[in-house]
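[1] have a look at this prediction, sequence included:
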Amino acid sequence: MEIHSHFISLVTRLRATQLLLCTLTILLFTSTTSTTAATLSELPRGFKATPDSSTETFQPLLSDSTGNFSLGFLRVNKTQLALAILHVPSSEPFWLANPTKLARWSDRAQLTFNGSLILTDPHTKLYWSTHTNADRVILQNNSNLLVQSSNHTEPAAWESFDFPTDTLVENQNFTSKMVLISSNGLYYMRLGPDFIGLYANFNEGSDQIYLRHKAMEAKTEIVENQAPIYAQINPDRYLGMYQTGNPLPADVQKFNSFQTPVTGFLRVRLEPDGNLIGYFWDGTKWVLDYQAISQTCELPSACGSYGLCTAGNGCSCLDNRTEYASGECFAAQSGDFCSDGVPRNNFWVLRRNGVEPPYKELMRYETTSSVKQCESLCERNCSCWGAVFNNGSGFCYMMDYPVQSLVGVGDETKMGYFKVREGAGRKKVNVGAGVGIGVMCGVVLILVGIVVVWRFRVWKRKRGAVKSRFMEQNGGVSPGPYKDLGTASFRSIEMGST
């Protein structure tokens, strides 16, 4: 009876302990879920987060209400960190906090919000900040990140739409104060007084415009010296150019899906090749919907440095002796041909006829009387890397940046003069390599010959043994149609039949 009472008491205590553990688990789970939900829907004052070392690609911190977009730590090349807004279904980054310089991935890096959203790095200390004094951070369904005060009727203290990186989405205004930069930093988009311009940064301090789309002003005119213009992706599926205060577009660049019953989130991105591409999300993938540059050879550097792009034939090198590989003919170069203002002849000259720049209409040029005069202008100019002379017009197009891709036109009156810095690696098979390859081929052929001769001798011995057995069994007479392939008579027949 006493044992029974002790057992009942033990069971009761165990049940009480289980009940307490269950209650604590539920409370802990509820608390954790509530905290996670609050963190994901908005970032309040006092928020802190550090990169998780187990994260391989993206660590989400804040999401919009649909779950299509997320703000978080993006791991780049395993060692670098970016604060990014990601399109979750496609894992495409739409925005980076500081696209020109990434932080180092470290659990000592930290994102905090104390009225200002701040990313600190253990090496550079303050890496990036919104420089605001607000109350919360939210992410809208269109990927716009807002830093807001508690009074939601006031304008946002800061928003990511004012600081785009390489992407614009529908209804996002792009003004003359903004710059769109490709992920490799080589190309950027900017607005002029009445045009959209695409520029290449091939050499520091010498930006080259390669596309200039002027407003057609079909529906309304742009009034000079009045309100500034802006560009916007219209949900009706076109890239429009507007003047502030006027709802009518001054220019319409139609997407492929213009005025078609197609739905899907729209965006344009300045690609690493310099093209401005429009897409829409069909629910599973991004569909190509617009291209500012439709022909490959019209891209600013379709075949890389010192490359030659020919319609229908793809890429080759301006130097016929150089093998086109890895997207370039010579290693990328920079700078000029001066040392403390003194010209240096530390280059060799590459000439090629039948070529022209892909954007010559937008290049600086001088009128010269001959190709020799054109070459002389570039030769004496420290910042000139190349020149193309048009014998028909006398125009001498000057390149103030390392030579990029030229277009093959087949017109021999268009003559190119290009400087190549000494020491630039040529990707060609040299004589030594050719000899080495020849020796290897010879060795392989000798080995194959030895194997063939050995196999033939083995086969001949086996055949002789079989013949001897037949001769012994049949009184020295060879059976049937058997021929001795080694006899002089058969060899003469074989040679005579050839």
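    Thanks, I have the structure now.
[2] now M216. Nearest residue, chain neighbours left out?
    D251 (5.1 Å; C-beta to C-beta, 6 or more residues apart in numbering). Glycine gets a C-beta too; all of them are placed from N, C-alpha and C.
[3] which residues of the stretch 101-250 of the chain score low on pLDDT?
    124 (pLDDT under 70).
[4] the protein: helices as residue ranges?
    Secondary structure of the chain by DSSP state H: the helices cover 2-41, 371-379, 431-473, 488-497.
[5] going by mean pLDDT, which of those comes out lowest?
    Mean pLDDT is lowest for helix 488-497 among those, at a mean of 34.
[6] buried set for stretch 228-246?
    Of all the residues in stretch 228-246, those buried under the rule 16 or more other C-beta atoms under 10 Å are 229-234, 237-243, 246.
[7] oops, could you answer that again for stretch 325-332 instead?
    Buried residues in stretch 325-332 (16+ other C-beta under 10 Å): 328-331.
[8] rewinding a little: show the contacting residues for the residue nearest to M216.
    The contact partners of D251, taken as C-beta atoms under 8 Å, 6 or more residues apart in numbering, are 213-218, 240-241.
[9] pLDDT value on G423, please?
    74.
[10] among the contacts of D251, which one sits closest to A292?
    H213 (7.2 Å; C-beta to C-beta).
[11] excluding its backbone neighbours, what's nearest the closest one?
    Spatially, and ignoring its direct neighbours in sequence, H213 is nearest to I196 (4.7 Å; C-beta to C-beta, 6+ apart).
[12] who's the one you found bridged to?
    As for beta bridges, I196 partners with L191, H213 under DSSP bridges.
[13] ok, now how distant is it from D121?
    35 Å (C-beta to C-beta, to the nearest Å).
[14] which one's more surrounded, those two?
    Using other C-beta atoms under 10 Å, the more surrounded residue of I196 and D121 is I196, with 23 against 18.
[15] now for that one: which residues touch it?
    I196 is in contact with 189, 211-213, 231, 241, counting by C-beta under 8 Å, 6+ apart.
[16] neighbours of the residue lying closest to F337 once chain neighbours are set aside, how many?
    Once flanking residues are discounted, F337 sits nearest to C382: 5.0 Å by C-beta to C-beta, 6+ apart. The number of residues packed near C382 is 13, by other C-beta under 10 Å.
[17] can I get stretch 112-126 in CSV, CA atoms only?
    Extracted C-alpha coordinates of stretch 112-126, given in CSV (Å, rounded to 0.1, in the frame of the first residue of the first chain):
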residue,chain,number,x,y,z
THR,A,112,21.3,48.4,-36.2
PHE,A,113,18.4,50.8,-36.2
ASN,A,114,18.4,53.6,-33.6
GLY,A,115,16.4,56.1,-35.7
SER,A,116,19.0,55.7,-38.5
LEU,A,117,19.6,52.4,-40.2
ILE,A,118,23.3,51.7,-39.8
LEU,A,119,25.6,49.0,-41.1
THR,A,120,29.0,48.8,-39.3
ASP,A,121,32.0,46.7,-40.3
PRO,A,122,34.9,45.8,-37.9
HIS,A,123,37.5,47.1,-40.4
THR,A,124,35.9,50.3,-41.8
LYS,A,125,33.7,51.0,-38.8
LEU,A,126,30.7,53.0,-40.2
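[18] run through who's touching that stretch.
    Contact partners of stretch 112-126, identified using C-beta under 8 Å, 6+ apart, comprise 43-49, 81, 83, 97, 103-104, 106, 108-111, 127-137, 147, 158.
[19] any of these buried? List them.
    Neighbour counting by 16+ other C-beta under 10 Å classes 43, 47, 49, 81, 83, 97, 103, 109-111, 127-128, 130, 132, 134-137, 147, 158 among the contacts of stretch 112-126 as buried.
[20] out of those, which sit inside strands?
    Of the positions in the buried ones among the contacts of stretch 112-126, 43, 47, 49, 81, 83, 103, 110-111, 127-128, 136-137, 147, 158 sit in strands, assigned by DSSP state E.
[21] can you lay out those as CSV showing distance to T66?
    Listed next are those as CSV, based on distance: C-beta to C-beta, whole Å:
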residue, distance to T66
L43, 18
F47, 22
A49, 22
L81, 26
L83, 21
A103, 28
Q110, 28
L111, 23
Y127, 29
W128, 26
R136, 19
V137, 17
V147, 20
W158, 22
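[22] which of these lies closest to Y290?
    Using C-beta to C-beta, these come closest to Y290 at L83, 28.8 Å.
[23] got the phi/psi numbers for the nearest residue to the closest one once chain neighbours are set aside?
    Leaving aside its chain neighbours, L83 sits nearest to A97 (3.9 Å; criterion: C-beta to C-beta, 6+ apart). As for A97, its main-chain torsions (degrees, to the nearest 10) stand at phi -60, psi -40.
[24] can you list the domains in this structure?
    42-163, 169-289, 298-421, 465-498 (automatic domain parsing).
[25] quick check: beta-bridge partners of the nearest residue to W286 once chain neighbours are set aside?
    Nearest residue to W286 in three dimensions, chain neighbours excluded: Y279, at 4.2 Å (C-beta to C-beta, 6+ apart). Per DSSP bridges, residues listed as beta-bridge partners of Y279: R267, L288.
[26] distance check, Y279 against T167.
    Y279 sits 10 Å away from T167, going by C-beta to C-beta.
[27] now do the shared contacts for those two.
    The contact sets of Y279 and T167 overlap at 267-269 (C-beta under 8 Å, 6+ apart).
[28] in the stretch 251-400 of the chain, which spans are strands?
    Taking DSSP state E, counting those that start in this stretch, the strands of the stretch 251-400 of the chain run over residues 251-254, 266-270, 276-281, 286-291, 307-310, 314-317, 338-339, 342-343, 347-353, 355-356, 365-367, 386-390, 395-399.
[29] how far is the second one from where the chain is centred?
    Same thing as strand 266-270. How far strand 266-270 lies from its chain's middle: 14 Å, per C-alpha atoms, centre = their mean, to the nearest Å.
[30] and that strand, what does it pack onto?
    strand 167-169, strand 187-191, strand 229-234, strand 276-281, strand 286-291 (3 or more C-beta pairs under 8 Å, 6 or more residues apart in numbering; DSSP states H and E).
[31] among the ones you listed, which comes closest to G416?
    strand 187-191 (23.1 Å).
[32] starting at the chain centroid, how far to that closest one?
    Worked out by C-alpha atoms, centre = their mean, strand 187-191 lies 17 Å from the chain centre.
[33] same question for stretch 76-87.
    Here the centre of mass of C-alpha atoms in stretch 76-87, compared against the chain's by C-alpha atoms, centre = their mean, lies 15 Å away.
[34] which of the residues in that stretch are buried?
    81-87.
[35] which residues touch D135?
    Shown in contact with D135 (C-beta under 8 Å, 6+ apart): 44-45, 115, 148-150.
[36] closest to F395 among the residues you listed?
    Q148 (55.2 Å).
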